[in-house]
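K.L.:
Let's see this in three dimensions:
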Amino acid sequence: MSSFQSWLNKTKTGLQDQVGRFKNKDLMDAIVAGCAIVSVADGKVDAEEKQKMAGYIGRNEQLKVFNMSEVIDRFNHFAGNMEFDVMVGKQEALRTIAKFKSKPEVGRVIVGVCCAIGAADGDFDELEKSAVRDICNVLALSPGEFGL
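P.N.:
Below is the predicted model:
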């Protein structure tokens, strides 16, 4: 293969990744915001919760284009805002999630990941379930659909 052809293929792949990152940044932000809401709900952010979120994002076809340090930075942003002022921080995170209110299939993915995060430490407690119900409400989804 010529060096030009090699360069062209590499450039094409890089552009596809960049387009994918741009297109799915809102989804990554929404999933990370939801995970932060659930993680902060019980008053402590467990390593298991962060690992579960990172694992999901690393395996998801649309989200794996994101650098994990960027994902962790966004998580720390949302969690840090809630630790500083829980109401203001949570409202910011919910606004980020609300962008998918008109896309219930995407909303279900967000809620599903948030439920998995809540259960990651082995105890999906009532505070975490309540946080996921808030996420369901912002997405106009029934919490009952998820056993909440």
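K.L.:
can you map out the strands along the protein?
P.N.:
For the chain, strands defined by DSSP state E do not occur.
K.L.:
Report the helix or strand with the lowest average pLDDT across it.
P.N.:
Least confident element among the helices and strands of the chain, by mean pLDDT, DSSP states H and E: helix 3-41 (a mean of 68).
K.L.:
What separation is there between the residue most central in space within the chain and Glu126?
P.N.:
Residue closest to the average C-alpha location in the chain (C-alpha atoms, centre = their mean): Ile31, at 1.6 Å. Distance of Ile31 to Glu126, given as C-beta to C-beta, to the nearest Å: 23 Å. (Each C-beta comes from the backbone N, C-alpha and C, glycine too.)
K.L.:
Equivalent analysis for Met28, please.
P.N.:
Met28 sits 28 Å away from Glu126 when distances are taken as C-beta to C-beta.
K.L.:
The two - which one has more neighbours?
P.N.:
Between Met28 and Glu126, Met28 has the larger neighbour count (other C-beta atoms under 10 Å), namely 19 against 9.
K.L.:
which ones are touching the more buried one?
P.N.:
For Met28, the contact set (C-beta atoms under 8 Å, 6 or more residues apart in numbering) comprises Ile57, Leu63, Phe66, Val71, Arg74.
K.L.:
Next: Arg74.
P.N.:
Counting by C-beta under 8 Å, 6+ apart, Arg74 makes contact with Met28, Asp29, Val32, Ala33.
K.L.:
Apply 6 Å and report the result again.
P.N.:
Val32 (C-beta atoms under 6 Å, 6 or more residues apart in numbering).
K.L.:
and the nearest residue to Asp42 once chain neighbours are set aside, how many neighbours?
P.N.:
Distances taken as C-beta to C-beta, 6 or more residues apart in numbering place Leu127 nearest to Asp42, at 4.8 Å, with adjacent residues excluded. As a burial measure, Leu127 scores 13 neighbours (other C-beta under 10 Å).
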